[in-house]
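Chemist: Pasting the sequence and the predicted coordinates here, then a few questions.
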Amino acid sequence: MSSKRVLIVGGVAGGASCAARLRRLDEQAEIVVFEKGPYPSFANCGLPYYIGDVISDEAKLLVATPELFRSRFNIEVRTEHEVLGLNRGERKIQVKDLRKGSVYEEAYDALVLSPGAVPARPPLPGIDLEGVFTLRTIPDSRAIRAWIQGFQSRNAIVVGGGFIGLEMAENLARRGLKVTIVEMFDQVMPPLDREMAEYVYVHLLKNHVSVHLADAVVRFNGSEGRVTSVETRSGARIQADVVILSVGVKPESQLAKNAGLYLGPHGGIRVDESMRTSDPCIWAVGDVVEVKDAITGELCFVPLAGPANRQGRIAADAICGRPARFRGVQATAVCGVFGLTVAMTGASEKRLLQAKDADYAAVYLHPTDHASYYPGASEMHLKLIFRRSDGLVLGAQAVGEKGVERRIDVISFAIQKGSTVFDLEEAELCYAPQFGMAKDPVNLAGMVAANFFRGDVRLAKWAELPNCGALLVDVREEEEFKRGSIDGAINIPLDQLRQRLRELPRDRLIWVNCARGQRSYYAVRILQQHGFATHNLSGGYNLWEVWYPDGLPASEVAQAEEHSPQKRAA
Ligand code: FAD
């Protein structure tokens, strides 16, 4: 039997991993990779750090060269060769040699599409001015570096506060630029729930980054062809000598669309579980595809390196006739910004609400990354989301300086294995004081959630606070309460609670808070056993500051005071 000929479009994350896996499975196959850029297999995730000079040697971004592909894997990589079209009937692709300008055809038995995604460039006035950049390739990052150096840039605007936007903000600040982020949503890091993103927002401000939320750039102004400022919807005019657009990416699916392959609702290529497209001889992987959201089951577009690499392997297995199945994405992701780690996995609360799924609950906690008595412990903020009806873990988000990604990875894997909060409660994780806690944050999250299932505590919903009609009781110490409290709350320190039960109403719901949620849990247990109807404000005052940074509307506070026990007594 003659060997099969596999052609791959795109030679970076998905394409390169597919090619290398194919070779390991089939020594006879002819494998040719077409890459329109100058480099295959480069580290796109490292580009912001090259701009920030954390990685100063550009060569370090090259994970593998065409020579290595040739010598180690017997794979031919043709860089600066762009695939222009597919002829599915004849199983041929049309390729342009970008150096020579010549166009030729190549035949395939199997074709893999991994052309990635393209950064969005909204058609705004002035978008083509010099100094307005997107970031996707090594040449892009080289151009940004040269621009900053050449024009001694001082003021940078980052449009979009997602992963790449935040990484760019940090790296531009590292180069000494004054950075402003303009974000259309009312929060940075849109995949996070808003209250969790508030921790990131505050951290950006502390690090001297200006952040314009719920605002959008409407035009770029320039002089002599170069950008000098941007104007926003709110009327702000912000000086800028360099602008980075990081407003999202779109699947690079034009080739597939022109060839009549099925696309999904987000414009990405539709594939089955083995990454096969609607054409049985064509597979697609990476940022160009739409895959199933492992939690909601909906098709989604999640442009991340991990799924791209795994899908490349799966397509290779399928092409070689092995059983292979991609089980969907959970969008497990991590981002570092000014020493803060932001990580998430699975469903967010807002994603569930969008999917009209109300069968969930969330708990918040603020554990330290390792035993607090051991030097250097730092607090993290963790939100766990689980199914209200059966405790299935649905998602988690965490923000903190240390140990954050480890906890999210554990929870990510728990989600993949269909675990419940009871599994998290019992998970056996490694511990020594400098690394963790005997009750690891993952265990604690499981315990807090499991307490809810056992009926030991009812959970108050932060979103319902303004209209809850409950009496708010803060059980922190008086000194803590004086430093700031939830609007309308009264203070009864936990250690005085048993003696002061008479002050509390038996005909009204009581919502209890402390600083982080632990003392309020103890208080709830006391109150419940004395016959009071109570709910715990999970996450405590710490959460209040991020849920309601501007406090409650004045009318709600007045109403809460009207119902306070002191008022009733008077
Ligand atoms: P790519 O890796 O983009 O490769 C596609 C290649 O196809 C490109 O080189 C392109 O030139 C080539 N191509 C396109 N069309 C054609 C054509 N017609 N003919 C020939 N070649 C073509 N993900 C994470 O998980 N973590 C991170 O920290 C992270 N950081 C990132 C930082 C930046 C700045 C960027 C840009 C991305 C980052 N990502 C990160 C996303 C991650 O890089 C992508 O999800 C991943 O590279 C997708 O792999 P892919 O193979 O689908 O596409």
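Modeler: Perfect, I can see it now.
Chemist: neighbours of residue 549, just the number please.
Modeler: 11 (other Cβ atoms under 10 Å). Every C-beta, even on glycine, is put in place using the N, C-alpha and C of the backbone.
Chemist: give the contact list for it.
Modeler: By Cβ atoms under 8 Å, 6 or more residues apart in numbering, residue 549 lies in contact with residue 198.
Chemist: got the phi/psi numbers for it?
Modeler: Backbone torsions of residue 549, given as degrees, to the nearest 10, read phi -60, psi -20.
Chemist: Show me the shaky parts of the chain.
Modeler: The chain contains residues with pLDDT under 70 at 1-2, 554-570.
Chemist: Recalculate using a threshold of 90.
Modeler: 1-3, 153, 296, 355, 551-570 (pLDDT under 90).
Chemist: Show me what from it comes close to the ligand.
Modeler: 9-10, 12-15, 34-37, 44-45, 47-48, 82-83, 114-116, 135-136, 164, 252, 255, 286-288, 303-306, 308 (Cβ under 6 Å from any ligand atom).
Chemist: Would you write a PyMOL line that selects the buried entries of the residues you listed?
Modeler: The command below creates a PyMOL selection of those among those that count as buried (16 or more other Cβ atoms under 10 Å):
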select buried, resi 9+10+12+13+14+15+34+35+36+37+44+47+48+82+83+114+115+116+135+136+164+252+255+286+287+288+303+304+305+308
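Chemist: Break down the stretch 251-400 of the chain into its helices, ranges please.
Modeler: 254-258, 305-319, 349-354 (DSSP state H, counting those that start in this stretch).
Chemist: Nearest residue to residue 207 in space, please, no chain neighbours.
Modeler: Sequence neighbours aside, residue 338 is the residue nearest to residue 207 in space, at 4.3 Å (criterion: Cβ to Cβ, 6 or more residues apart in numbering).
Chemist: Any idea how many residues pack against residue 25?
Modeler: 14.
Chemist: pretty sure residue 281 contacts residue 113?
Modeler: No: under the criterion of Cβ atoms under 8 Å, residue 281 is not in contact with residue 113, lying 11.4 Å apart.
Chemist: how about the residue lying closest to residue 98 once chain neighbours are set aside, what does it touch?
Modeler: Distances taken as Cβ to Cβ, 6+ apart put residue 80 closest to residue 98, at 4.3 Å, once the chain neighbours are dropped. Residues near residue 80 by Cβ under 8 Å, 6+ apart: 35-38, 97-99.
Chemist: Quick check: of the residues you listed, which lies closest to residue 400?
Modeler: Nearest to residue 400, judged by Cβ to Cβ, of the contacts of residue 80 is residue 37 at 36.7 Å.
Chemist: What residues does that closest one make contact with?
Modeler: 79-80, 137-139 are the contacts of residue 37 under Cβ under 8 Å, 6+ apart.
Chemist: With residue 130 instead?
Modeler: By Cβ under 8 Å, 6+ apart, the neighbours of residue 130 are 147, 222, 225-227.
Chemist: do the same with residue 377
Modeler: Residue 377 touches 368-371, counting by Cβ under 8 Å, 6+ apart.
Chemist: What separation do you get for the residue nearest to residue 98 and residue 449?
Modeler: Per Cβ to Cβ, to the nearest Å, residue 80 is found 53 Å from residue 449.
Chemist: Am I right that residue 53 is in contact with residue 175?
Modeler: Yes: Residue 53 lies in contact with residue 175 (Cβ under 8 Å); the separation is 6.7 Å.
Chemist: So for these two, which sits in the more crowded spot?
Modeler: residue 175 (17 against 12).
Chemist: Out of the contacts of residue 377, who's the most crowded?
Modeler: If you rank those by neighbour count (other Cβ under 10 Å), residue 369 sits at the top with 24 neighbours.
Chemist: Can you get me the start-to-end distance on stretch 181-196?
Modeler: 18 Å (Cα to Cα, to the nearest Å).
Chemist: quick one on the thing from earlier: now render the contacts of residue 130 as CSV, adding secondary structure and neighbour count.
Modeler: Output for the contacts of residue 130, formatted as CSV (DSSP: H, G, I helix; E, B strand; the rest coil; neighbours: other Cβ atoms under 10 Å):
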residue, secondary structure, neighbour count
147, helix, 16
222, strand, 17
225, coil, 9
226, strand, 14
227, strand, 23
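Chemist: What is the burial count for residue 280?
Modeler: Neighbourhood size, residue 280 [other Cβ under 10 Å]: 9.
Chemist: just the helices in the stretch 101-250 of the chain please.
Modeler: 138-150, 163-174, 194-206.
Chemist: List of residues touching the second one?
Modeler: Looking back up the chat, that one is helix 163-174. Taking Cβ under 8 Å, 6+ apart as the rule, helix 163-174 contacts 48-49, 51-54, 135, 148, 156, 158-159, 161, 179, 181, 183, 188-189, 200, 204, 207-209, 242, 244, 246, 333, 335-338, 342.
Chemist: what's the answer for the first one, then?
Modeler: Counting by Cβ under 8 Å, 6+ apart, helix 138-150 makes contact with 37-39, 42, 47-48, 50-51, 58, 61, 130-131, 133-135, 153, 172, 175, 177, 242, 244, all of which sit outside it.
Chemist: Can you measure across stretch 545-553, start residue to end residue?
Modeler: 14 Å.
Chemist: Equivalent analysis for stretch 143-156, please.
Modeler: Stretch 143-156 end-to-end distance (Cα to Cα) = 15 Å.
Chemist: Show me what counts as buried in it.
Modeler: Buried-residue list, stretch 143-156, by 16+ other Cβ under 10 Å: 144-145, 147-148, 153, 155-156.
Chemist: Could you do stretch 329-338 as well?
Modeler: Applying 16+ other Cβ under 10 Å to stretch 329-338 flags 329-333, 335-338 as buried.
Chemist: Can I get that stretch in PDB? Just the C-alpha atoms.
Modeler: Taking Å, rounded to 0.1, in the frame of the first residue of the first chain, the C-alpha atoms of stretch 329-338 are listed here in PDB:
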ATOM      1  CA  VAL A 329     -13.400  22.500  26.600                       C
ATOM      2  CA  GLN A 330     -13.800  24.000  30.000                       C
ATOM      3  CA  ALA A 331     -11.800  27.200  29.200                       C
ATOM      4  CA  THR A 332      -9.300  26.500  31.900                       C
ATOM      5  CA  ALA A 333      -7.000  29.500  31.800                       C
ATOM      6  CA  VAL A 334      -4.500  31.500  33.800                       C
ATOM      7  CA  CYS A 335      -3.100  35.000  33.400                       C
ATOM      8  CA  GLY A 336      -0.400  36.900  35.400                       C
ATOM      9  CA  VAL A 337      -0.600  40.600  35.900                       C
ATOM     10  CA  PHE A 338       1.700  42.600  38.200                       C
END
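Chemist: winner for burial among the helices of the stretch 251-400 of the chain?
Modeler: Most buried of those, by mean neighbour count (mean count of other Cβ atoms under 10 Å): helix 305-319, with a mean of 23.
Chemist: what residues are up against the residue nearest to residue 207?
Modeler: Contacts of residue 338 by Cβ under 8 Å, 6+ apart are 170, 173, 203-204, 206-207, 209.
Chemist: which among these end up buried?
Modeler: Counted by 16+ other Cβ under 10 Å, the contacts of residue 338 give 170, 173, 203-204, 209 as buried.
Chemist: Max pairwise distance over the residues you listed: which two?
Modeler: Most distant of the buried ones among the contacts of residue 338, by Cβ to Cβ, are 173 and 203, 12.3 Å apart.
Chemist: Would you check that residue 134 makes contact with residue 248?
Modeler: No: using Cβ under 8 Å, residue 134 is not in contact with residue 248; the gap is 10.5 Å.
Chemist: Common neighbours of those two, please.
Modeler: residue 119.
Chemist: Between the two, point out the one with more neighbours.
Modeler: Remark: of residue 134 and residue 248, residue 134 carries more neighbours, 19 against 16, as counted by other Cβ under 10 Å.
Chemist: so who does the closest residue to the more buried one other than its chain neighbours touch?
Modeler: Leaving aside its sequence neighbours, residue 134 sits nearest to residue 119 (Cβ to Cβ, 6+ apart; 3.7 Å). Residue 119 sits next to 134-136, 245-249 when contact means Cβ under 8 Å, 6+ apart.
Chemist: ok, so what distance separates residue 119 from residue 353?
Modeler: For residue 119 relative to residue 353 (Cβ to Cβ), the value is 28 Å.
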